[in-house]
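**Student:** Return atomic coordinates for the entry below.
(chains A and B)
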Amino acid sequence: EPEVTQTPSHQVTQMGQEVILRCVPISNHLYFYWYRQILGQKVEFLVSFYNNEISEKSEIFDDQFSVERPDGSNFTLKIRSTKLEDSAMYFCASSELVNYGYTFGSGTRLTVV
Amino acid sequence: SQQGEEDPQALSIQEGENATMNCSYKTSINNLQWYRQNSGRGLVHLILIRSNEREKHSGRLRVTLDTSKKSSSLLITASRAADTASYFCATDTWDTGRRALTFGSGTRLQVQP
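**Tutor:** All right, here's what the predicted structure looks like:
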């Protein structure tokens, strides 16, 4: 069964450092997403990406965040200057079309110290 | 209050029993999806029910949707210890091009062997 692959599985970074979280969505999917889950809290929407551009972003997705699809297969989330409150599990997801289920990756656990 | 809220928050049953989890939401939806999450792991898509559907089955899972009451239920029949996990409903809504899954807080299911 096709999978969404995320790397790394764990990342520890110093506050103020930049991090890049990587994702390889399912190849024939058209919609890509980043979500995050702070420990013990709900899964929260960050951003959706379609046709090589951001189609929607939440209030969480401020100027510190950016996404790219640099080479047609990878989909990255960059946090420019990490804060302690950015510590969370970050999930990448993709879906084939609207009104279809999402396939989530296993997540990257980001710890900012 | 929030879109996609599950109840109960926690459920403990014996192996072989059925588990029922409920989800309520507030706005109109295009589909509703159920996901499972084992502790600290990724989200696994279980089943999607579209707004024009009332019931759907997948193996031991049965999902119902009542759009007039803005509610859904997930029934797991003949539960197993391996079903122990958190279960989330997520509403999928798009209008004027906006699309995002909104997750509830989840039901923690414990199946005792």
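**Student:** Identify the residues contacting stretch A:78-90?
**Tutor:** A:6, A:13-21, A:34-39, A:46, A:63-68, A:77, A:107-113, B:40 (Cβ atoms under 8 Å, 6 or more residues apart in numbering or on different chains). Heads up, the C-betas are built off the backbone N, CA and C, glycines and all.
**Student:** List buried residues within the residues you listed.
**Tutor:** The neighbour-count test (16 or more other Cβ atoms under 10 Å in any protein chain shown) marks A:6, A:13, A:19, A:21, A:34-37, A:46, A:65, A:67, A:77, A:107-110, A:112 as buried among these.
**Student:** Go back to the residues you listed and keep what's next to chain B.
**Tutor:** With Cβ under 8 Å from any Cβ of the partner chain as the criterion, the buried ones among the contacts of stretch A:78-90 include A:35, A:107, A:109 near chain B.
**Student:** Tabulate the residues you listed (JSON lines), appending pLDDT.
**Tutor:** Output for those, formatted as JSON lines (pLDDT from 0 to 100):
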{"residue": "A:35", "pLDDT": "97"}
{"residue": "A:107", "pLDDT": "96"}
{"residue": "A:109", "pLDDT": "96"}
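**Student:** Among these, which are located in strands?
**Tutor:** A:35, A:109 (DSSP state E).
**Student:** for the ones next to chain B among the buried ones among the contacts of stretch A:78-90, which one is nearest residue A:53?
**Tutor:** Nearest to residue A:53 out of those is residue A:35 (Cβ to Cβ; 18.6 Å).
**Student:** I'd like the distance between the nearest residue to residue A:79 once chain neighbours are set aside and residue B:5.
**Tutor:** Spatial nearest neighbour of residue A:79, excluding adjacent residues (Cβ to Cβ, 6 or more residues apart in numbering or on different chains): residue A:19 at 5.1 Å. As for residue A:19, its distance to residue B:5 is 32 Å (criterion: Cβ to Cβ, to the nearest Å).
**Student:** same question, residue B:20
**Tutor:** 15 Å.
**Student:** Please say which of those two ends up with more neighbours.
**Tutor:** Between residue B:20 and residue B:5, counted using other Cβ atoms under 10 Å in any protein chain shown, residue B:5 has the larger neighbour count: 19 against 15.
**Student:** Retrieve the pLDDT associated with the nearest residue to the more buried one once chain neighbours are set aside.
**Tutor:** In space, and not counting its chain neighbours, residue B:5 is closest to residue B:104: 4.9 Å by Cβ to Cβ, 6+ apart. For residue B:104, the pLDDT comes out at 90.
**Student:** Residue B:104 - how many residues pack around it?
**Tutor:** 23.
**Student:** That one contacts residue B:22, correct?
**Tutor:** No - with contact defined as Cβ atoms under 8 Å, residue B:104 and residue B:22 do not form a contacting pair (10.0 Å).
**Student:** Which positions within the worst-scoring helix or strand of chain B on mean pLDDT qualify as buried?
**Tutor:** When the helices and strands of chain B are compared on mean pLDDT, DSSP states H and E, strand B:98-103 comes out lowest with a mean of 80. Residues B:99-103 are the ones in strand B:98-103 that count as buried (16+ other Cβ under 10 Å).
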